[in-house]
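>>> Sequence and predicted structure, then a few things I'm wondering about:
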Amino acid sequence: MVNMNCYIRATGNISPQHSLDPVTFSQTRVHTTQDYFKVIEPDYDGFVDSKLIRRMSRIVKMGVASAITCLRQAGTENPGALVTATAYGCLEDTSSFLRRMIEFEEKMLSPTAFIQSTHNTVGAQIALLIKCHQYNNTIVHRAFSFENALTESTLLLGEGMGPVLVGAIDEITKDSHTLLSRFGLYKPTDREDPHFSGNIAGEGAAFFLLDKDPDHHPLAWIQGIKTLYHPGNDETLRLFFLDFLNSQGFQPDQVDLVLSSHTGNKERDTIDQYLLDSLFSKKPFFPFKTLCGDYPTASGFALWLATQLLAEQKQPAWMKDLTFPLNHILIHHRSTNLHHSLYLVSRC
Amino acid sequence: MDNLMEKLKGQIIERLNLKDLKPADISDDQPLFVEGIGLDSIDALELIVLLQQEYNVKLSNADDGPRVFYSVRTIADYINANSGVAKASS
Amino acid sequence: MSASSWIAGLGIISAIGQDVQKNLASLTAEKTGIGEMTWLRSDHQGELPVGEVKSSNTELAANSGLSKKLPRTALLSSVAAREALVDAGWQVKLAPRTGFISANTVGGMDKTEHFFEKFISNPAAGKLAEVVYHECGAITELVADYLGIRHFVSTVSTACSSSANAIFTGARMIRSGLLDFALVGGADALTRFTLNGFNTLMILDKEPCRPFDENRRGLNLGEAAAYLLLASEKGLEQLKKKPYARISGYANANDAFHQTASSPQGTGSLLAMKGALEFAGLSPNQIDYINLHGTGTTNNDIAEGTAIRILFDPAYPKMSSTKAYTGHTLGASGAVEAVYSVLSIQQGLIFPNLRWETPMKELPFQPVTTCLTNQRVQHVLSNSFGFGGNCSSLIFSAA
């Protein structure tokens, strides 16, 4: 959906980069030599009581810590609504329960893995920890999970249910990586530039506290987002970009930075390159998946990155070609060629 | 009996992922649930599975849970009373 | 409040019938669909009764025109979703203003658990085709493609309240003017994963369930798919159809008490029901029928019952749990019960709480035990309370 008009009051992000520490993040970029990125995990004791943490799987800890970081940054413990987005859900517990179910022939199974495997576990645990009785929903819709969660968040804000705490969470597990690799999803980079990772797996947990109005010193402003499913051809895609920008009253040359879905594998990047060449040939771009890897809710990382850049108005040491003031960032989140999303995020 | 209780304490800590506790931190008669070391209904279910897997003892009625799992000693008593083929020595 | 969402089409497939008419016939004949497992291959066959849809995957595939190799959840979903669209007189030319918001919790797990049998001993083994549609969202997309809807497609997964939330997500989008039509509901097939999962929680009854009975012993799992086609005022004109009912109230609250158990005083349930009434601008005594979440577990029924006592005392509406007919259909349950709530309004019926015998000693009310006809049903409250404390209540009102 197009017009969002909501303000990002605070963020929390656990990712393969130093996203919990803004200073280190802007100085040090993390690379990987594998075909996946794993998040840098904090000491979770700083976020959750050890009695409660014992039952939490990795993805739940990631989600909870990211959400709490966001709320701490905002200085509030009381969101008006909580919406979580995940494409794969709680994979570790799902695998664990499945394996035992098969190995033990459906006997003597442990309940914890089953309970923690449901897709709404992260949202439920956050609510439990902050004792939040408010609206709570979980969207599980592939590479549009986060986008649909944001659309819902905008509508909730419009109904006066703000501030809305909304997050995007997905994890990699040994089983999931083995399986997804068998689908041929991952390809190495064939570019000399060491900043390209290739099309590799990623994971992360990014949370945002959204307001309807700019009254709480927002970090950034989401002007609009739009999704396109199964474009069919490049021209449809190109028009999608133009229509989206026009609907916001923008032309491509007014965009200051494009956060693109390039990964550095030429075969995979053809569509991204085509779009850059045809619409944004003179614009700086940055391939955000080379920081977080490729996963359906990677747009959560991209939105966090855009927010950081717009709020800080500083170029990280490992980025180049940005001009300041940086006012408008366009995010293009592409997952294979089936799911495309665009975000226009602006400086406040 | 003492050996069984020591063994149980270790198994409980491992099964329920009570990382901060050592067997010595759990006394034989201390309540395990609610006010004791703070276990809950999901832990009770895990303990039911533990008894089955490790001691071949079945607790088919979940309502017996609060009585059987009250303390390490009551669990040990239940195991001794119910396992014809107990794997643990007492 | 902005415009209501009108309910223009219904579709359902469940243990008590393959379509709306057959479900209605079973409801009025007081015929349960809970019984032995036939299609699900589980070591608990013969031990745990379930509410199985009485069709094989081959039969479902023949019904829908999709491949029989697809996950059962997708097959169920496609049958019920198509019925709702046909019932409403929806046409593909309306697709640009139509959204599809479907709920499920199991995704393609029936295929995945088969795949894992080989995969766990050899990571290179197992047919990849079996896990292509593992994700909840992949099932929705498959069905959306089948129906020709792509403008807005989404999947909700909040355990047992999933399809209630999906229903209201669609209603919200219509109220805000983003859509004129929303096909909303959910589906979940029986799987070994869920059957065993619930079994580890020791909340499955080895006999057919008895919701809200003093001697209840747990729930029976079921499977189903159910959808409503919602329309805006403008959408209704385009369909040239009289609506069955409208959605007048909704609330979503979180119990925030425990991962699986409801708080004894039913905090989340109470907030959800109260919120729905406030949204609808109704007072408790205006509710004619409560379709209870009523799973038959010790915990749910006392928590829900306590919340009802607090909210409705001293005047209690007629109420029942239809899970005694269908079993607990998890991600589909909110939508199944939404369809039944609309039928209640449309047909003037109040469905019984089958197999009920003894009142719960804590509660000053009891459910309806025979099918009541010729009732004036203006407002129905439907509850869906799930794991993770996700509590949702919907109110359906006469058109």
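Everything's here; your move.

>>> Could you pull up the contacting residues of residue 31?
Just so you know, I chose chain A. Residues counted as contacts of residue A:31 (Cβ atoms under 8 Å, 6 or more residues apart in numbering or on different chains) are A:194, A:197. All C-beta spots, glycine's among them, are computed from the backbone N, C-alpha and C.

>>> hm, I was asking about chain B
So residue B:31 contacts B:70, B:71 (Cβ under 8 Å, 6+ apart).

>>> Quick one: classify it as helix, strand or coil.
coil (DSSP: H, G, I helix; E, B strand; the rest coil).

>>> Could you report the separation of the one residue sitting closest to the centre of chain B from residue B:43?
Against the mean C-alpha coordinate of chain B, by Cα atoms, centre = their mean, the closest residue is residue B:75 at 4.8 Å. From residue B:75 across to residue B:43, the span is 12 Å (Cβ to Cβ, to the nearest Å).

>>> Quick check: the residue nearest to the centre of chain B vs residue A:131, distance?
Taken as Cβ to Cβ, the span from residue B:75 to residue A:131 is 32 Å.

>>> Next to chain B, which bits of chain A? Give me the list.
A:50, A:51, A:54, A:55, A:108, A:109, A:110, A:111, A:112, A:115 (Cβ under 8 Å from any Cβ of the partner chain).

>>> Please repeat the previous calculation with a cut-off of 7 Å.
Within chain A, the positions adjacent to chain B are A:50, A:51, A:54, A:55, A:108, A:110, A:111, A:112, A:115 by Cβ under 7 Å from any Cβ of the partner chain.

>>> can you check the stretch 51-200 of chain C too?
So the stretch 51-200 of chain C meets chain B at residue C:200 (Cβ under 7 Å from any Cβ).

>>> Low-confidence stretches in the stretch 51-200 of chain C?
Counting by pLDDT under 70, the stretch 51-200 of chain C contains no low-confidence residues.

>>> just the helices in it please.
C:57-64, C:72-88, C:109-119, C:136-147, C:162-175, C:192-200 (DSSP state H, counting those that start in this stretch).

>>> any idea which of the ones you listed is most buried?
Highest mean neighbour count of those: helix C:162-175, a mean of 30 (counted as mean count of other Cβ atoms under 10 Å in any protein chain shown).

>>> can you list contacts of that helix?
A:137, A:152, A:155, C:2-3, C:5, C:99, C:101-105, C:154, C:156, C:158, C:179-180, C:182, C:184-186, C:228, C:230, C:232, C:247, C:250, C:252, C:331-335, C:338, C:384, C:392, C:394 (Cβ atoms under 7 Å, 6 or more residues apart in numbering or on different chains).

>>> List only buried entries from the residues you listed.
A:137, A:152, A:155, C:5, C:99, C:101-105, C:154, C:156, C:158, C:179-180, C:182, C:184-186, C:228, C:230, C:232, C:247, C:250, C:252, C:331-335, C:338, C:384, C:392, C:394 (16 or more other Cβ atoms under 10 Å in any protein chain shown).

>>> tell me how far stretch A:94-101 is from the chain's mean position?
27 Å (Cα atoms, centre = their mean, to the nearest Å).

>>> likewise stretch A:68-86?
Distance, centroid of stretch A:68-86 to centroid of chain: 15 Å (Cα atoms, centre = their mean).

>>> list the buried ones in stretch A:275-291?
Within stretch A:275-291, judged by 16+ other Cβ under 10 Å, the buried ones are A:275-276, A:279-280, A:283-291.

>>> Just the ones in helices from the residues you listed, please.
A:275, A:276, A:279, A:289, A:290, A:291 (DSSP state H).

>>> among these, which two are most distant?
A:279 and A:291 (22.6 Å; Cβ to Cβ).

>>> Any idea how many residues pack against the residue nearest to residue A:54 when sequence neighbours are not counted?
In this structure, residue A:54 finds its nearest non-sequential neighbour in residue B:17, 4.0 Å apart by Cβ to Cβ, 6 or more residues apart in numbering or on different chains. The burial count assigned to residue B:17 is 15, neighbours taken as other Cβ atoms under 10 Å in any protein chain shown.

>>> so residue B:17 touches residue A:56, yeah?
No. Residue B:17 is beyond contact range of residue A:56, at 9.3 Å (criterion: Cβ atoms under 7 Å).

>>> By mean pLDDT, flag the weakest helix or strand of chain B.
helix B:65-68 (a mean of 88; mean pLDDT, DSSP states H and E).

>>> Could you list every helix and strand that that one packs against?
Contact here means 3 or more Cβ pairs under 7 Å, 6 or more residues apart in numbering or on different chains; DSSP states H and E; on that basis helix B:65-68 packs against helix B:72-82.

>>> List the buried residues of the helix it packs on.
B:72, B:73, B:74, B:75, B:76, B:77, B:78, B:79.

>>> Got phi/psi on the residue in chain B positioned nearest to chain C?
At 4.5 Å from chain C, residue B:62 is the closest residue in chain B, using Cβ to the nearest Cβ. Phi and psi for residue B:62, reported as degrees, to the nearest 10, are phi -60, psi -20.

>>> Could you tell me how far it is located from residue B:16?
17 Å.

>>> Repeat that for residue C:334.
Relative to residue B:16, and taking Cβ to Cβ, residue C:334 is found at 33 Å.

>>> Repeat that for residue A:267.
From residue A:267 to residue B:16 the distance is 49 Å (Cβ to Cβ).

>>> ok, now residue C:260?
According to Cβ to Cβ, residue C:260 stands 16 Å off from residue B:16.

>>> helix/strand/coil for residue C:278?
Residue C:278 ends up helix, using three-state DSSP.

>>> wait, I meant residue C:237
Residue C:237 is classified as helix under three-state DSSP.

>>> Convert stretch A:118-135 to PDB, retaining C-alpha atoms only.
The C-alpha trace of stretch A:118-135 is given here as PDB (Å, rounded to 0.1, in the frame of the first residue of the first chain):
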ATOM      1  CA  THR A 118       4.500 -21.400  16.900                       C
ATOM      2  CA  HIS A 119       5.000 -18.300  14.700                       C
ATOM      3  CA  ASN A 120       3.600 -15.900  17.200                       C
ATOM      4  CA  THR A 121       6.100 -16.900  20.000                       C
ATOM      5  CA  VAL A 122       8.300 -13.800  19.600                       C
ATOM      6  CA  GLY A 123       5.300 -11.400  19.800                       C
ATOM      7  CA  ALA A 124       3.900 -13.400  22.700                       C
ATOM      8  CA  GLN A 125       7.100 -13.400  24.700                       C
ATOM      9  CA  ILE A 126       7.600  -9.700  24.200                       C
ATOM     10  CA  ALA A 127       4.100  -9.100  25.500                       C
ATOM     11  CA  LEU A 128       4.700 -11.300  28.400                       C
ATOM     12  CA  LEU A 129       7.900  -9.600  29.300                       C
ATOM     13  CA  ILE A 130       6.600  -6.100  29.200                       C
ATOM     14  CA  LYS A 131       3.200  -7.100  30.500                       C
ATOM     15  CA  CYS A 132       1.500  -5.700  27.400                       C
ATOM     16  CA  HIS A 133      -2.200  -6.500  27.000                       C
ATOM     17  CA  GLN A 134      -2.600  -4.500  23.900                       C
ATOM     18  CA  TYR A 135      -3.200  -5.500  20.300                       C
END
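
>>> Next, the buried residues of it.
In stretch A:118-135, counting by 16+ other Cβ under 10 Å, buried: A:118-130, A:132-135.

>>> from those residues, which are also near chain C?
A:118, A:119, A:120, A:121, A:123, A:124, A:127, A:128, A:132, A:133, A:134, A:135.

>>> residues in chain B within reach of chain C, list them.
B:40, B:41, B:42, B:45, B:62.

>>> which element is the fourth one on?
Mapping residue B:45 onto the secondary structure by DSSP states H and E places it in helix B:41-55.

>>> circling back: mind listing residues that contact the least confident helix or strand of chain B?
With Cβ under 7 Å, 6+ apart as the criterion, helix B:65-68 contacts B:44, B:59, B:74, B:75, B:78.

>>> Send over that helix as PDB, restricted to the C-alpha atoms.
C-alpha atoms of helix B:65-68 as PDB (Å, rounded to 0.1, in the frame of the first residue of the first chain):
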ATOM      1  CA  GLY B  65       1.800 -33.600  39.100                       C
ATOM      2  CA  PRO B  66       1.700 -31.100  41.900                       C
ATOM      3  CA  ARG B  67       1.900 -33.800  44.500                       C
ATOM      4  CA  VAL B  68       4.600 -35.900  42.800                       C
END
